[in-house]
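A.B. asks: quick one: sequence plus predicted model below, questions after.
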Amino acid sequence: MASDPFADRNALDANPFADPSVQGALNDSSRMYAGGDDEAASTYKQASVQDELPTTRADANRMDELRRREEELARRERELESRAAHIQKHGRNNWPFFYPLIYHDIDAEIPPDSQPIMHNLYKLWLLLVATLVVNMVACIFLLIQGASDGGKDMISGIVYLPVITVTSFLLWYRPIYNGLMKEHSLFFYVYFIFAGFHLAFSVYVFLGIPSTGSAGLINTIQAFAGGRLVAGILGCIATAGFGLQGLGNLWYYRLIWKHNNEQGHSFAQAKNELATHGMKAYFTRGSQV
């Protein structure tokens, strides 16, 4: 039988998508969309990963901060346990060493940033006490070697040793010790008042006016001029000691004034603390009062 020349045309009329050109276009479109889906999926995955990265970094930072806090708490616990063991072994009061009356431990009670200042203030206080001892001996030699005001100088020099030693410790050294330990305004202002008086006293004894109880500069010059060599040599040591501790205290007075302003302490806060706690804060250990 002869083939029907209209068979292909009838097939196309029945199914227009059977055209090879249409089929080729459809195949190209399918490949294009398939490729587009893969590309879209890849882009979505990349965006998802990028969205997750900041969250992951934030979680890591939080974990680091928690770990740091845990380590800090563990360190404080170890310090407290060590301090408790030390107190149990040696007793609460540890100063002065020859007759313990109070607890005094700069490394245990003063924050690390303030420890250098406190250690140096303690050395200056010890220098003051040593200078008062030398000054007393020098005044005794002024009397022995015939100074006209030697009697008055000796009596005053003997009185200075216990009185200035105790009052300087209680009125300016101990307040700044508690101030740096507790960061309470009251202690800083007590220190500023009485350390100011001490600076004036340091100038007074450095001058060494006769009959004032100081073997300072003027008394030392007069001792050498009068041939009182022992008194003069001891007077030189006393003059140097009074000068060094006075300059040192002036330097740290300035640093502590700066620290007080940086920490935001004020005289109004000091008055409120005094009204709230009274002198209880002076005698209470720790930072709660």
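C.D. replies: Yep, it's here. Residues are numbered from 1 along each chain as shown.

A.B. asks: and the helices in the stretch 151-289 of the chain?
C.D. replies: Remark: helices assigned in the stretch 151-289 of the chain by DSSP state H, counting those that start in this stretch are 174-182, 185-207, 217-225, 229-262, 267-277, 280-283.

A.B. asks: between helix 174-182 and the fourth one, find me the angle.
C.D. replies: Which is helix 229-262. 40 degrees (axes from the mean of the first three to the mean of the last three C-alpha atoms, to 10 degrees).

A.B. asks: now helix 229-262 and helix 217-225, what's the angle there?
C.D. replies: Using the same axes, to 10 degrees: helix 229-262 against helix 217-225 is 160 degrees.

A.B. asks: can you list the helices of the stretch 151-289 of the chain in a markdown table and add mean pLDDT?
C.D. replies: Converted to a markdown table, those look like this (pLDDT from 0 to 100):
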| stretch | mean pLDDT |
| --- | --- |
| helix 174-182 | 94 |
| helix 185-207 | 97 |
| helix 217-225 | 97 |
| helix 229-262 | 97 |
| helix 267-277 | 86 |
| helix 280-283 | 58 |
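
A.B. asks: to residue 96, which of those lies closest?
C.D. replies: Residue 96 sits nearest to helix 174-182 of all those, at 13.1 Å, using C-beta to C-beta. For the C-beta atoms, the positions are set from N, CA and C on the backbone; glycine is no exception.

A.B. asks: tilt between that closest one and helix 267-277?
C.D. replies: Using the same axes, to 10 degrees: helix 174-182 against helix 267-277 is 90 degrees.

A.B. asks: gap between helix 174-182 and the chain center?
C.D. replies: 12 Å (C-alpha atoms, centre = their mean, to the nearest Å).

A.B. asks: low-confidence regions, the stretch 51-200 of the chain specifically.
C.D. replies: Residue ranges of the stretch 51-200 of the chain with pLDDT under 70: 51-55, 80, 83-91.
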